[in-house]
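A.B. asks: I'll drop the sequence and a predicted model, then ask my questions.
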Amino acid sequence: MTTKPSESKEAHLTLMGLELLSKIYYLYRTAHLYEPNNYLFIQQLQDLLQTLDEILVKEKKAQFQLRATTLLFNKTKLKFSHVNYYLFRFIKDEFTNRQIASLTFYPGVKEKEVIDFILFLKSSPPKKEKSQLKPQAPSAKGKKEKLDKKEKKDVDFQEGDREKGEVARREEEKAKEEEWPNFPHIKIEITAIGELAERKKNATRVYFLSLTHLKEYTSQKKELNPKNLLTTKRMIQTLFDHIIENESFLLGMTSIKNHDEYTLSHSLNVCILALGLGRRLGLERKELVELGISAFFHDVGKLDIPLEILNKPGKLDENERQVIETHPYKGVQKLLQLPHMKGLPLQALHVAMEHHCREDDRGYPRYRGKKNISLFSKIVKIVDYYDAITTSRPYRKKSFTPAEAISLMMDKVGKEFDPVLFKVFASMVTLCPVGTLVLLNTGEIAIVYETKTEPSQFLRPKVKLITDEQGHKIDGPIVDLAEIDEETKAYPRSIVKFLNPEEYGLKVSDYFVAEVRG
């Protein structure tokens with residue numbers, strides 16, 4: 001088959017982009033070890049300049065642009081494999097840390113410009129000043145009142161002083177742009193801070209609107225309202241778009257646990273986690289929408305289970321256990337009763353029926369063999385279990401931290417969960433997933449804000465500091481635990497312990513919701 005000229009051009013641009021990106025990466029890494037006058041640094045610099053010259057002879061510019069989870073080189077999408085995925089993570093992390101939208105090299109770029117650019121890039125991203133807040137009230141009553149007030153404030157989406165916020169954002173954006181040195185032949189475009197804040201605000205709004213939407217389905221005597229199925233599809237698509245734009249933030253939103261409406265918040269959290277896992281598995285967009293809908297309705301059968309059984313503090317007796325185990329059948333019945341059944345993916349019926357089936361064929365309802373269980377059901381099985389055990393329930397003495405949950409689930413791989421799917425899920429949430437409360441060696445307490453994909457960096461995520469060294473509550477910056485101090489060549493901060501937020505009277509979700517309010 002003859003290759004079209006456009007395909008040949010695209011392939012050539014891809015090769016050039018990946019080669020240039022690798023040269024930038026290696027010079028950046030070398031700059032962390034050696035001074036610019038070192039032989040190895042000079043050698044890497046010459047390699048980069050030679051590659052740049054070769055590209056700029058053929059092209060008018062060499063431009064990298066980051067669009068959500070897509071990296072473009074001269075308008076051509078770069079495709080990464082597991083072999084060179086570290087290059088994408090490198091540029092994505094650097095662009096995100098410094099809020100860079102694009103990086104462009106123009107003909108005439110000089111050696112000194114490249115050196116200055118690399119040295120500036122390797123420096124730590126600008127950090128916000130810590131703002132000391134008042135320590136928590138010592139009394140349990142006062143602490144509860146304060147947190148209840150904060151929760152109400154964070155969930156109330158009033159715009160407040162819009163004009164004042166816009167002015168503040170514009171000033172911050174201007175100051176951000178002025179921080180960059182002037183590189184005559186290297187142009188850096190900064191992503192608008194207001195735009196990033198707006199994305200997070202929209203993601204938070206979509207989360208709570210999705211809860212409201214799910215409630216509408218069940219508002220009429222526990223019967224599903226069929227008129228909203230099209231809205232559900234659009235909502236799932238919107239959730240997926242936000243996962244692409246900011247996976248860590250939306251996964252962090254699943255730390256929201258509404259104990260009074262557990263079935264609703266649990267169903268939405270399972271939907272989001274399933275979308276994240278499905279995306280990691282490489283499912284197509286159409287498949288992901290079907291997966292999201294299936295996860296969204298996976299527990300709909302519980303609407304017919306009496307609350308006194310669902311919320312029973314003690315152990316269920318045999319009759320109550322049998323009633324609970326009818327909810328997969330009841331879920332399928334409810335979905336089949338929808339008048340517009342053709343708009344519902346068939347996989348939703350499988351997931352409603354099978355999400356409690358185990359790999360060792362010991363779950364419920366009993367099937368002839370695990371080979372009959374659908375892929376979507378196995379995905380929902382994993383994320384359903386994870387969200388359930390990380391949520392406090394009346395019948396459980398405690399909820400597990402994310403780290404404890406992953407550790408517990410690892411022991412059940414092959415029995416409860418599909419080994420391959422769980423491995424991908426564990427890499428998505430890691431041993432300290434987004435939302436984990438951690439104690440650092442400095443005495444500071446922080447919340448995991450963004451995880452790393454490299455196994456060696458699983459315990460060195462980005463975290464948001466919420467207390468100082470003395471334990472006083474602060475609205476601290478987001479710091480990267482993988483950053484090395486230039487003088488000591490050591491990590492300034494490391495995780496020493498995972499903490500349970502409930503023991504500290506904290507709601508991790510408050511910090512994600514509060515962020516969109518600036």
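C.D. replies: Sure thing, it's come through.
A.B. asks: Which residue, neighbours along the chain excluded, lies closest to Arg358?
C.D. replies: Distance criterion C-beta to C-beta, 6 or more residues apart in numbering; nearest residue to Arg358, sequence neighbours excluded, is Glu416 at 5.2 Å. Where C-beta positions appear, they are placed from N, C-alpha and C, glycine not excepted.
A.B. asks: ok, the one you found - contacts?
C.D. replies: The contact partners of Glu416, by C-beta atoms under 8 Å, 6 or more residues apart in numbering, come to 358-360, 363, 381, 385, 409.
A.B. asks: Next one: it relative to Asp93, how far apart?
C.D. replies: Distance, Glu416 to Asp93, by C-beta to C-beta, to the nearest Å: 34 Å.
A.B. asks: Please apply the same query to Leu250.
C.D. replies: From Leu250 to Asp93 the distance is 18 Å (C-beta to C-beta).
A.B. asks: now the residue nearest the centre of the chain, nearest residue through space, not along the chain?
C.D. replies: Taking C-alpha atoms, centre = their mean, the centroid of the chain lies closest to Ser248, which sits 2.0 Å from it. Spatial nearest neighbour of Ser248, chain neighbours left out: Glu450 (4.2 Å); criterion: C-beta to C-beta, 6+ apart.
A.B. asks: is the one you found in a bridge, and if so with what?
C.D. replies: Counting by DSSP bridges, Glu450 is bridged to Lys462.
A.B. asks: pLDDT wise, what is it at?
C.D. replies: At Glu450, the model reports a pLDDT of 78.
A.B. asks: Same check on the one 10 residues further on?
C.D. replies: Among the per-residue scores, Arg460 shows a pLDDT of 89.
A.B. asks: And Phe376, by the same measure?
C.D. replies: Turning to Phe376, the model gives it a pLDDT of 95.
A.B. asks: can you pull the contacts of Val479?
C.D. replies: Neighbouring residues of Val479 by C-beta under 8 Å, 6+ apart: 127, 446, 462-463, 465, 493.
A.B. asks: where does it land in three-state SS?
C.D. replies: In three-state terms, and counting by DSSP: H, G, I helix; E, B strand; the rest coil, Val479 is strand.
A.B. asks: what's around Asp47, how many residues?
C.D. replies: Counted by other C-beta atoms under 10 Å, the residues lying close to Asp47 total 15.
A.B. asks: and it, what is it in contact with?
C.D. replies: Contacts of Asp47 were listed using C-beta under 8 Å, 6+ apart, and they are 23, 26-27.
A.B. asks: so which strand or helix has the closest residue to His213 other than its chain neighbours?
C.D. replies: Take His213 and drop its neighbours on the chain: the residue closest to it by C-beta to C-beta, 6+ apart is Met235, 5.9 Å away. Using DSSP states H and E, Met235 sits in helix 229-245.
A.B. asks: buried set for that helix?
C.D. replies: Neighbour counts over helix 229-245 (16 or more other C-beta atoms under 10 Å) mark 229, 232-233, 235-236, 239-243, 245 as buried.
A.B. asks: wait, which of the residues you listed is closest to Thr104?
C.D. replies: Glu245 (22.4 Å; C-beta to C-beta).
A.B. asks: buried set for the longest helix anywhere in the chain?
C.D. replies: Assignment by DSSP state H gives helix 5-31 as the longest helix of the chain. For helix 5-31, burial by neighbour count (16+ other C-beta under 10 Å) applies to 13-14, 16-18, 20-25, 27-28, 30-31.
A.B. asks: got the angle for whichever helix or strand comes after that helix vs helix 5-31?
C.D. replies: Moving toward the C-terminus from helix 5-31, the next helix or strand (DSSP H and E) is helix 39-58. Calculated by axes from the mean of the first three to the mean of the last three C-alpha atoms, to 10 degrees, helix 39-58 forms an angle of 160 degrees with helix 5-31.
A.B. asks: which parts of helix 39-58 are buried?
C.D. replies: 41, 44-45, 48-49, 51-52, 55-56.
A.B. asks: repeat for stretch 445-464
C.D. replies: The neighbour-count check on stretch 445-464 (16+ other C-beta under 10 Å) flags 445-453, 458-464 as buried.
A.B. asks: So what touches it?
C.D. replies: Contacting residues not belonging to stretch 445-464 are listed as 85-86, 89, 248, 252, 427-440, 465-467, 471, 476-482, 491, 493-495, 499, 504, 508, 511 [C-beta under 8 Å, 6+ apart].
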